[in-house]
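> how would this look folded up:
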Amino acid sequence: MSGPSDWPLPDDGVRLTVPQYVLERLKKNPLTRGLYVRAAGYYPTALGHYVRRDLHSDDLFLYCVGGEGTLTVDGANHSVGAGDLMMLPNGVTHVYGANPQRPWTLYWVHFAGEQSKAFWSYLEFNREQPVARVGLSASLAAALAGIVQSLEGDFLESSLIYGSNLLRQVLAQLQMTRLQNRETRSQFSVDTIHEVMRKSLHDELDLNTLAQTANMTRHAFCRRYKAITGVSPYKHYLYLKMKRACHFLDATDQSITEIAELMGYRDPYYFSRIFRQVMGMPPSQYRSRNYG
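Numbering: from 1, shown residues only. This is a model prediction of the structure:
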């Protein structure tokens with residue numbers, strides 16, 4: 001496996017590598033084998049930092065929290081600045097280096113596991129665009145510092161499980177933050193759309209109305225919404241309606257027919273069928289169960 005670089009580490013830098021015998025434990029542990037940390041570090045104001053890998057067998061990402069630099073993949077140069085994420089799955093040969101006048105500050109993690117490929121897909125990795133504009137996030141930086149800290153002890157099982165699952169959280173948070181920033185730049189507000197949905201739970205909401213809220217065509221709106229949330233807008237709207245119906249079933253003695261009418265359904269049998277599709281059980285069964 002290709003590991004961390006041998007770049008001369010400054011006094012205030014951190015570079016930690018998990019020993020091979022510990023990696024073997026991580027590969028077998030059901031709590032870590034899906035995704036685990038191989039090495040991690042922090043390079044502050046990394047003047048002279050330069051790495052070239054012609055053979056790259058690790059999975060690696062680097063998060064820039066200050067300064068500037070350049071990443072080269074497939075002969076194409078990509079500028080890197082504060083808030084940018086460099087994505088380098090295994091097999092992607094690369095060269096990267098800090099700007100001599102404004103050297104970057106980086107958190108980086110080498111990782112592996114059965115789910116690595118799935119996470120690269122989730123992060124929308126594209127060889128032609130290996131730098132993602134995530135934006136600066138104090139919580140992301142803190143979580144990455146936590147991963148580094150998890151490797152500073154004696155490789156106890158509890159620390160390794162913590163660090164590996166913190167890595168999972170970081171990768172998920174990176175994409176969530178990235179999508180939120182993309183949403184802000186495009187003025188496509190999921191929060192605004194959901195507020196329109198919540199105000200119409202007592203009635204039927206036309207998709208054209210939601211599309212108009214986003215100033216988009218219906219087809220483009222549905223495609224964009226699903227790309228961001230993972231579900232269709234209509235499916236989420238039904239979920240919100242049935243979630244509200246669950247509240248009435250839990251908190252009131254109103255009949256199912258009355259609740260159906262409150263949710264905009266004149267036919268209680270149709271309401272029950274939709275409720276079952278969304279919640280996995282009919283409303284009568286939901287009401288009879290004790291949760292919490």
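> What residues sit buried inside the strand or helix carrying Phe271?
Taking DSSP states H and E as the criterion, Phe271 maps to helix 268-279. For helix 268-279, burial by neighbour count (16 or more other CB atoms under 10 Å) applies to Pro268, Phe271, Ser272, Ile274, Phe275, Val278, Met279. (Glycine included, C-beta is placed from N, CA and C.)
> Please name every helix or strand in contact with that helix.
Secondary-structure packing of helix 268-279 (3 or more CB pairs under 8 Å, 6 or more residues apart in numbering; DSSP states H and E): helix 233-251, helix 256-262, helix 283-288.
> Adding distance to Arg218, mean neighbour count and mean pLDDT, write these out as JSON lines.
Converted to JSON lines, the helices and strands packed on helix 268-279 look like this (distance: least, CB to CB, whole Å; neighbours: other CB atoms under 10 Å; pLDDT from 0 to 100):
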{"stretch": "helix 233-251", "distance to Arg218": "10", "mean neighbour count": "17", "mean pLDDT": "91"}
{"stretch": "helix 256-262", "distance to Arg218": "27", "mean neighbour count": "18", "mean pLDDT": "93"}
{"stretch": "helix 283-288", "distance to Arg218": "31", "mean neighbour count": "15", "mean pLDDT": "90"}
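> Out of those, flag the one nearest Lys117.
Nearest of the helices and strands packed on helix 268-279 to Lys117, taken as CB to CB: helix 233-251 at 26.9 Å.
> Report the angle between that closest one and helix 268-279.
With axes from the mean of the first three to the mean of the last three CA atoms, to 10 degrees applied, the angle from helix 233-251 to helix 268-279 works out at 100 degrees.
> could I have helix 233-251 exported to PDB, CA atoms only?
Provided in PDB are the C-alpha atoms of helix 233-251 (Å, rounded to 0.1, in the frame of the first residue of the first chain):
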ATOM      1  CA  PRO A 233     -40.100  15.700  -3.700                       C
ATOM      2  CA  TYR A 234     -43.500  13.900  -3.800                       C
ATOM      3  CA  LYS A 235     -42.200  11.000  -1.600                       C
ATOM      4  CA  HIS A 236     -40.900  13.400   1.000                       C
ATOM      5  CA  TYR A 237     -44.100  15.400   1.000                       C
ATOM      6  CA  LEU A 238     -46.000  12.100   1.700                       C
ATOM      7  CA  TYR A 239     -43.600  11.400   4.500                       C
ATOM      8  CA  LEU A 240     -44.300  14.800   6.100                       C
ATOM      9  CA  LYS A 241     -48.000  14.200   5.800                       C
ATOM     10  CA  MET A 242     -47.900  10.800   7.400                       C
ATOM     11  CA  LYS A 243     -45.500  12.100  10.000                       C
ATOM     12  CA  ARG A 244     -48.100  14.700  10.900                       C
ATOM     13  CA  ALA A 245     -50.800  12.000  10.900                       C
ATOM     14  CA  CYS A 246     -48.700  10.000  13.400                       C
ATOM     15  CA  HIS A 247     -48.800  13.000  15.700                       C
ATOM     16  CA  PHE A 248     -52.600  13.000  15.600                       C
ATOM     17  CA  LEU A 249     -52.700   9.200  16.200                       C
ATOM     18  CA  ASP A 250     -50.300   9.500  19.200                       C
ATOM     19  CA  ALA A 251     -51.700  12.700  20.800                       C
END
